[in-house]
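Participant: Give the three-dimensional model of this entry:
(2 chains)
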Amino acid sequence: MSRARSIGADGSLGRIWAMLLRYLYLLRSSWPRALELLYWPTLQMLIWGFMSQFLYVNSNYVFRAFGVLLAAVMLWDVLFRGQLGLSISFLEEMWARNLGHLFVTPLRPFEWVLALLSMSLIRVLIGVVPAALLAIVLYHYSIFSLGLPLIAFFAVLLAMGWALGLAICGLILRHGMGAESLAWLAVFTLSPISAVYYPVSILPHWLQHVSWALPSTYVFEGMRALLFQKAFRADYLSIAGALDLVLLALGASAFFLALRDARQRGALLQMGE
Amino acid sequence: MLAPSIEVKDLVKRYPTATAVDGISFTVARGVITALLGGNGAGKTTTLSILLGLLLPTSGNVRVLGEDILRHRYRVLPRMNFSSPFVDLPHRLTVRQNLLIYARLYALRSRRERIAALAEDLQIGAFLDRPAGKLSAGQKTRVALAKALLNEPELLLLDEPTASLDPDTGDWVRSYLEAWQARTGATILMASHNMAEVERMCSNVLMMKTGKIVDRGSPQALIDRYGRANLEEVFLHIVRTRELELEPWS
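Facilitator: Numbering: from 1, shown residues only, chains lettered A, B, ... in the order given. Reported below is the predicted structural model:
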């Protein structure tokens, strides 16, 4: 009667696809949610695009590379959407009080996490790609002109978003829906110290150490190096990748420990709105 | 010889402020319908949650379908299922979408055929494409049963399967479950507050109070033992009698 295509460690592609399908059905069933994916990246792109145009004639900084602010906005959205995309799919299960049903099936937690990560990638692409295309039409700026390093920047920021998302989901599992707002707010606290729109050197000296501990800082400094000096900083990307691995390990640990704790407390049947 | 469907030994679940299950032991044989009875807070849902692997016990051993549920839950979860009117399926997905997802989670081969067969059997075909959140209580119960029977479970755990149903729908669900159990030979363990339902469906009763099993036996044996007219009177006697006055079954 049953057939499971194994992916090792007792994993099943079928179950991962089942969960991914669930989130796609949810996305398809609500146009406001789909619209929301498009809304913020597009709005941000519009605001910062106009600001870029203004600064272009008033600032030497932007004069040196017109797209620096637009690229920063769009790359920042990869991080933000990556984290939010994972957290929202997780919250869908909490809102639906569905954890009790899911965890009496053979679904392994890691399979669920892989489905959440896949859905996060889909949400990021839906949100960011149209905004990037619109920037070409409106401002004649293409983020794709960054070339191959763009793929590396994208990957580093997405992985960092996943790590944050997993940690936030762990906190929600541990503290209940009262911690839901973390899903919307947490990543913004990293914005000022990620050197998104200005160099790290602008920050107070002590804060620079904190900033350099974030993978995102290496991406945005690397982006500026590429735009201003036409230099690809492979060293930055290597450090960012290593930091991502550490953050992913910490985020996944927080998530799986919280899930085990929820099983200790009997929270899986009760969690929800 | 097949192991019993459920073997529980010295099961304890303690929370920081309360003991929900206090050293219970019981066995449920294969192919029978057993009821877990008790007042609110007696430990029924906690026991079911532990059997499902949703809740980790403080101590004790739990074997389900011959496997240690704490160590090998993924061996046994494909062979069992669960239904509760208190845990809805996701509201925004249609019934068909929900069932398809669960069919995939159970790695079923002929998913659409299985859903079509269950839809006919449980008379849910008319609203397969309706969002699950827009169903009546009776329709939701039948859909939840369809989900619970997707993988043709050897063990079905039910939490108050006919709660909040009108008498006609409740009777339909009971008849369906009886026929399904007789046809498949599966084991059912159900928590219920409906004593008439338990008398009708169950061959064995586990009576819980404050986390302990205080009595057990067939419905008729319990009625005879307490000299009452029906199981409801037995239930009321047990829940209203102070714990010290009851001699826990041993």
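Participant: use CA for all of it now, contacts and neighbours both
Facilitator: Will do.
Participant: close to chain A, is the strand or helix carrying B:Asn81?
Facilitator: Secondary structure assignment for B:Asn81, by DSSP states H and E: strand B:80-83. Yes. Using C-alpha under 8 Å from any C-alpha of the partner chain, strand B:80-83 reaches chain A at B:81-82.
Participant: so how far is that strand from its chain's centroid?
Facilitator: Remark: strand B:80-83 is offset 7 Å from the chain centroid, using C-alpha atoms, centre = their mean, to the nearest Å.
Participant: Render the CA-only coordinates of it in PDB, please.
Facilitator: Listed next in PDB are the C-alpha coordinates belonging to strand B:80-83 (Å, rounded to 0.1, in the frame of the first residue of the first chain):
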ATOM      1  CA  MET B  80      -1.600   3.800  13.300                       C
ATOM      2  CA  ASN B  81      -3.700   6.900  13.100                       C
ATOM      3  CA  PHE B  82      -5.700   9.400  15.300                       C
ATOM      4  CA  SER B  83      -8.800  11.400  15.100                       C
END
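Participant: what's the following helix or strand after it?
Facilitator: helix B:95-105.
Participant: tell me which residues in that following helix are buried?
Facilitator: Within helix B:95-105, the residues scored as buried using 16 or more other C-alpha atoms under 10 Å in any protein chain shown are B:95-105.
Participant: what residues does it touch?
Facilitator: A:14-15, A:18-19, A:21-22, A:25, A:105-107, B:89-90, B:111-112, B:115, B:127-132, B:143, B:146-147, B:150-151 (C-alpha atoms under 8 Å, 6 or more residues apart in numbering or on different chains).
Participant: Which of the residues you listed fall in helices?
Facilitator: By the criterion of DSSP state H, membership of the contacts of helix B:95-105 in helices covers A:14-15, A:18-19, A:21-22, A:25, B:111-112, B:115, B:143, B:146-147.
Participant: Show me which of those is closest to B:Glu7.
Facilitator: Taking C-alpha to C-alpha as the measure, B:Glu7 sits nearest to B:Lys147 out of the ones in helices among the contacts of helix B:95-105, at 25.2 Å.
Participant: all helices for chain B, in order.
Facilitator: Taking DSSP H, the helices of chain B run over residues B:44-52, B:73-76, B:95-105, B:111-121, B:137-149, B:167-184, B:195-201, B:219-226, B:231-240.
Participant: Turn those helices into TSV, including mean pLDDT.
Facilitator: Formatted as TSV, the helices of chain B follow (pLDDT from 0 to 100):
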stretch	mean pLDDT
helix B:44-52	93
helix B:73-76	93
helix B:95-105	95
helix B:111-121	94
helix B:137-149	92
helix B:167-184	92
helix B:195-201	92
helix B:219-226	92
helix B:231-240	89
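Participant: Nearest approach to A:Leu203 belongs to which of those?
Facilitator: Closest to A:Leu203 of the helices of chain B is helix B:95-105 (C-alpha to C-alpha; 49.2 Å).
Participant: Quick check, central residue of the chain?
Facilitator: Going with chain A. By C-alpha atoms, centre = their mean, chain A has its centre lying nearest to A:Gly82, at 1.8 Å.
Participant: that's the wrong chain, I wanted chain B
Facilitator: Nearest to the mean C-alpha position of chain B, counting by C-alpha atoms, centre = their mean, stands B:Leu158 at 2.3 Å.
Participant: ok so, going back, thought the residue nearest to the centre of chain A was touching A:Val124?
Facilitator: Yes. Counting by C-alpha atoms under 8 Å, A:Val124 is a contact partner of A:Gly82 at 5.9 Å.
Participant: List the buried residues in stretch B:2-14.
Facilitator: For stretch B:2-14, burial by neighbour count (16+ other C-alpha under 10 Å) applies to B:4-9, B:11-14.
Participant: Take these and write them to a markdown table, including pLDDT and distance to A:Leu114.
Facilitator: Formatted as a markdown table, those follow (pLDDT from 0 to 100; distance: C-alpha to C-alpha, whole Å):
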| residue | pLDDT | distance to A:Leu114 |
| --- | --- | --- |
| B:Pro4 | 92 | 36 |
| B:Ser5 | 94 | 33 |
| B:Ile6 | 96 | 33 |
| B:Glu7 | 96 | 34 |
| B:Val8 | 96 | 34 |
| B:Lys9 | 96 | 36 |
| B:Leu11 | 96 | 34 |
| B:Val12 | 96 | 34 |
| B:Lys13 | 95 | 32 |
| B:Arg14 | 94 | 33 |
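Participant: Please work out how many residues are found near the closest residue to A:Val210 other than its chain neighbours.
Facilitator: With C-alpha to C-alpha, 6 or more residues apart in numbering or on different chains as the criterion, A:Val210 has its nearest non-adjacent residue at 7.5 Å, and that residue is A:Ile193. By other C-alpha atoms under 10 Å in any protein chain shown, 22 other residues sit near A:Ile193.
Participant: Likewise for B:Thr19?
Facilitator: Per other C-alpha under 10 Å, the neighbour tally for B:Thr19 reads 16.
Participant: for the one 5 residues further on, same thing?
Facilitator: The number of residues packed around B:Ile24, counting by other C-alpha under 10 Å, is 19.
Participant: so B:Glu154 makes contact with B:Ala186?
Facilitator: Yes. With contacts counted by C-alpha under 8 Å, B:Glu154 reaches B:Ala186, the gap being 4.7 Å.
Participant: Could you count how many residues lie near A:Gly67?
Facilitator: A:Gly67 is flanked by 25 other residues according to other C-alpha under 10 Å.
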